[in-house]
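> next one to model:
(chains A and B)
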Amino acid sequence: MARSHTRAAQRRREALLGYLLVAPALLVFAVFTFYPFAKNFRLAVYRDKLFGAGSEYVGTEQVTDVLGSGDFRQSLWVTVLFALMSVPAGIFLGLALAVAAHQRLKGIGIYRTIFASTVASSVAVASVIFGTLFNPVIGWLPWLGFNPQPPLLQNPDWALPAVALVTIWQSIGLSFIVMSAGLQAIPDEVMEAAQLDGARPWRRFWRVTVPLLSPTIFFAVVVGGIFAFQAFAQVEMLTDGGPIKRTNVLTYYIYTTMREAQDEGKAAVLSIALFFVTLALTLFQMRILEKRVHYAQ
Amino acid sequence: MGRVAFDHVTKRFGEVTAVDDLTLDVADQEFLVLVGPSGCGKTTALRMLAGLDDPTSGDIVIGDRVVTEVAAIDRDIAMVFQSYALYPHMTVRRNIEFPLRSRKVPAAERERLVQEAAATLDLEALLDRKPAQLSGGQRQRVALARAIVRRPAVFLMDEPLSNLDAKLRVQTRAELVELQRRLATTVVYVTHDQVEAMTMADRIAVMDRGVLQQVGPPQEVYATPANLFVARFIGNPPMNTVTGKVVVSEGTVGVQLPGGRIELPDDVAAAVKAHDEGEVVVGVRPEHARLDPEGPLEATVAVVEVLGHEQHVICRLKDAPPAADAEGATDDVAGAVATESLFIVRQPNDDVAPGIGVGVRITVDTRRVHVFDAGTAGQRLEAA
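I've put the predicted structure just below:
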């Protein structure tokens, strides 16, 4: 009796300690994540009056207005295009480099370091580098014989691919590291067995490496998708959403709505929309893609 | 057809010589077991045969063709790995089919061959499962099925039984031998387990530190080990090896061991005589020694192991170096032998087991005594 009593007391003490330990993290999350997130929903149902004259409750009117607007649809489309251009290419190139570097060759460590190095550069740095390279006067595009008019970053057809290219370059490092880790986890013996079973390199890659790497690839697709939908700095640095809103991705649209138009309510609606779009995308990936993923037991 | 040969094959990894000038012929349809302690080079030898590692020098022959420069993919061999190396994302059927699909075998033919291999290994009911849903023994059979399905000239097996539990291992041992007979193919089988080697092989090849020590039928290797390494490696319980001094007197040749002196039979004596006053190592299999009140060797009982069908009486010879010295054992064979302080006597279970700490005397069957050079190589000494 006394024993179970002390045991219960001990459990309570342990629980208390547990709550104490998570309290700081919980506080930070509450202030910087949960509260702003909830506040967004409140802002979304209030419309800002002109000239900073406060705001009025409008119910779902603002939500339907914003989401029904051509600007939002265009921005969403640009974001989707941007993700489609940047995510698969980043993953594919990271995988290709990882496969190339997954060999026992002399000096391969140097290549691994180079391949992974873009992870250490910020998006801003990448944007500055590529901004210079894309420059129609001092960049290497004219030198390559590619000199679109208007210049690349001001060209409605080329601006988004150019921003995507910077993103691909910057994401290769992380993609390479993730894919390399995935490759390391595939037992050598399985690859050797495939070799002895008569599978040529191409067949080994598609029939053995890729299926065994599928959890890694899936992870990269989900995370890459989320990153792509939240890309901001490269647009801010290179194109400011232009030309003619051709690179006006959702985050940048939210930023200009808030920063330049100072429209809190509209920005809140867009933020919520971005959240649900990202959520839907991730759920879709988990539902559809994950069926093709093989997890080792 | 399924003949395999190593011709002066050496493999170095940097400073380390994993396989040193290996020359070995495996006949068509032979079951050859490469056996040795871990790090002896047996797996490296097998991998070179498979084409997974390239020899530093020397040639490898499969069938009638030198395959040293031929890629693994184009050698007519199949391999069963220690970890089975099944494709975890494929069903059993797909696993077995994989080598056939790789070689673009037509679908109907493929189906027939898969069914045949599955039937041979009793896998028909499991064809639609994935490896994760199988037991260790079943996975092992899938790995075998994948190996036999395309009828290669040579099978390579790298410790295929080591992940099975003891009982299943004994059963699978017999099944593997039977399978090899039925398929009439050549098998090169690697193991560190000398019991597997003894029970399965047509011939065993003992390796140590990259060097081939002896090749021969199991019984021959057991009965006439070429050197001290083989003597001590093959046999369970291990052969007793005791260093002693050769004493030649009045036409007889004996060896003064700790605990007493034993006389050597004439054929061995002739070879040993040259070592007069020198040291040799005497090897006695535990079944060739018995407790005997009249025996020449004096000892004390240290432990008695009762196995049910027999007993191992483990003794310490009088004046034997204390066991603690074993810590200082050097790497060369002679050094290790010098520290050998225990002596095992194997006797039927019906015999009365002596009490621990009791003084006993031991007789050895001198006709079956082995004598080895006390030098580093530990070569067997016998009449020319």
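> can you pull the contacts of B:Arg146?
By CB atoms under 8 Å, 6 or more residues apart in numbering or on different chains, the residues touching B:Arg146 are A:193, A:197, B:78, B:86, B:95-96, B:98-99, B:117. Glycine gets a C-beta too; all of them are placed from N, C-alpha and C.
> could you redo the last one with a cut-off of 10 Å?
A:193, A:196-197, B:78-80, B:84-87, B:92, B:94-100, B:114, B:117, B:121 (CB atoms under 10 Å, 6 or more residues apart in numbering or on different chains).
> can you check B:Leu52 too?
Counting by CB under 10 Å, 6+ apart, B:Leu52 touches A:188-189, A:192, A:195-196, B:43-44, B:46, B:72, B:79, B:156.
> tell me both backbone torsions, phi and psi, for B:Val364.
phi -120, psi 150 (degrees, to the nearest 10).
> B:Gln379 now?
When read as degrees, to the nearest 10, the backbone of B:Gln379 gives phi -60, psi 150.
> what number of residues are in the vicinity of it?
If you count neighbours by other CB atoms under 10 Å in any protein chain shown, B:Gln379 ends up with 12.
> so which of the contacts of B:Arg146 belong to strands?
Those of the contacts of B:Arg146 mapping onto strands are B:78-80, per DSSP state E.
> what's the closest of those residues to chain A?
Minimum distance to chain A across the ones in strands among the contacts of B:Arg146 is 5.1 Å, recorded for B:Met79 (CB to the nearest CB).
> got the contact list for the closest one?
For B:Met79, the contact set (CB under 10 Å, 6+ apart) comprises A:189, A:192-193, A:195-197, B:46-47, B:49-52, B:72, B:85, B:143, B:146-147, B:152, B:154-158, B:160, B:188.
> let's see that with 7 Å instead.
Going by CB atoms under 7 Å, 6 or more residues apart in numbering or on different chains, B:Met79 touches A:196, B:50, B:147, B:156, B:158.
> if any of the contacts of B:Leu52 are buried, give me the PyMOL selection for them.
Applied in PyMOL, the following selects the buried portion of those according to 16 or more other CB atoms under 10 Å in any protein chain shown:
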select buried, (chain A and resi 189+192+195+196) or (chain B and resi 43+44+46+72+79+156)
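> okay, the contacts of B:Leu52 in TSV with pLDDT and distance to A:Ala38 next?
As requested, the contacts of B:Leu52 are exported to TSV (pLDDT from 0 to 100; distance: CB to CB, whole Å):
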residue	pLDDT	distance to A:Ala38
A:Asp188	90	51
A:Glu189	91	53
A:Glu192	92	55
A:Gln195	91	57
A:Leu196	91	60
B:Thr43	92	62
B:Thr44	94	64
B:Leu46	94	65
B:Ala72	88	61
B:Met79	92	61
B:Leu156	94	65
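> how many other residues sit next to the residue in the stretch 1-150 of chain A that chain B sits nearest to?
Minimum separation of the stretch 1-150 of chain A from chain B (CB to the nearest CB) falls at A:Arg104, amounting to 11.1 Å. Using other CB under 10 Å, the number of residues around A:Arg104 comes to 5.
> any idea which element it lies in?
Of the helices and strands defined by DSSP states H and E, none includes A:Arg104.
> how much space between it and A:Phe205?
A:Arg104 sits 18 Å away from A:Phe205, going by CB to CB, to the nearest Å.
> over to B:Ser135?
31 Å.
> so for those two, which sits in the more crowded spot?
Each of B:Ser135 and A:Phe205 has its neighbours counted (other CB under 10 Å); A:Phe205 has more, 16 against 12.
> over to the residue lying closest to that one once chain neighbours are set aside: give its phi and psi.
Leaving aside its sequence neighbours, A:Phe205 sits nearest to A:Val99 (CB to CB, 6 or more residues apart in numbering or on different chains; 7.1 Å). With angles defined as degrees, to the nearest 10, A:Val99 sits at phi -60, psi -40.
> next one: the one 4 residues further on
With angles defined as degrees, to the nearest 10, A:Gln103 shows backbone torsions of phi -140, psi 150.
> next one, pLDDT for it please.
Here the pLDDT value assigned to A:Gln103 is 80.
> tell me the helices and strands packed up against the helix or strand containing B:Thr10.
Using DSSP H and E, B:Thr10 maps to strand B:4-13. Contact analysis of strand B:4-13 by 3 or more CB pairs under 7 Å, 6 or more residues apart in numbering or on different chains; DSSP states H and E lists strand B:16-26, helix B:42-50, strand B:57-62 as its packing neighbours.
> what's the closest of these to chain A?
Closest approach to chain A among the helices and strands packed on strand B:4-13 (CB to the nearest CB): helix B:42-50, 6.1 Å.
> can you name the residues in contact with the closest one?
Outside helix B:42-50, the residues that reach it (CB under 7 Å, 6+ apart) are A:196, B:4, B:6, B:9, B:11, B:18-19, B:22, B:34-36, B:53, B:55, B:60, B:72, B:77, B:79, B:156, B:158, B:188, B:190, B:207.
> any stretches of the stretch 151-297 of chain A with poor pLDDT?
The stretch 151-297 of chain A contains residues with pLDDT under 70 at A:296-297.
> pull out the buried residues from stretch B:111-125.
Buried positions in stretch B:111-125, judged by neighbour count with 16+ other CB under 10 Å: B:113-114, B:117-118, B:120-121, B:123.
> same question for stretch A:115-127.
For stretch A:115-127, burial by neighbour count (16+ other CB under 10 Å) applies to A:115-116, A:118, A:123, A:126-127.
> can you check stretch B:61-80 too?
For stretch B:61-80, burial by neighbour count (16+ other CB under 10 Å) applies to B:61-63, B:67-68, B:72-73, B:75-80.
> tell me the first helix or strand C-terminal of the longest helix belonging to chain B.
Identified as the longest helix of chain B according to DSSP state H is helix B:166-183. Following helix B:166-183 in sequence order, the next helix or strand is strand B:186-191 (DSSP H and E).
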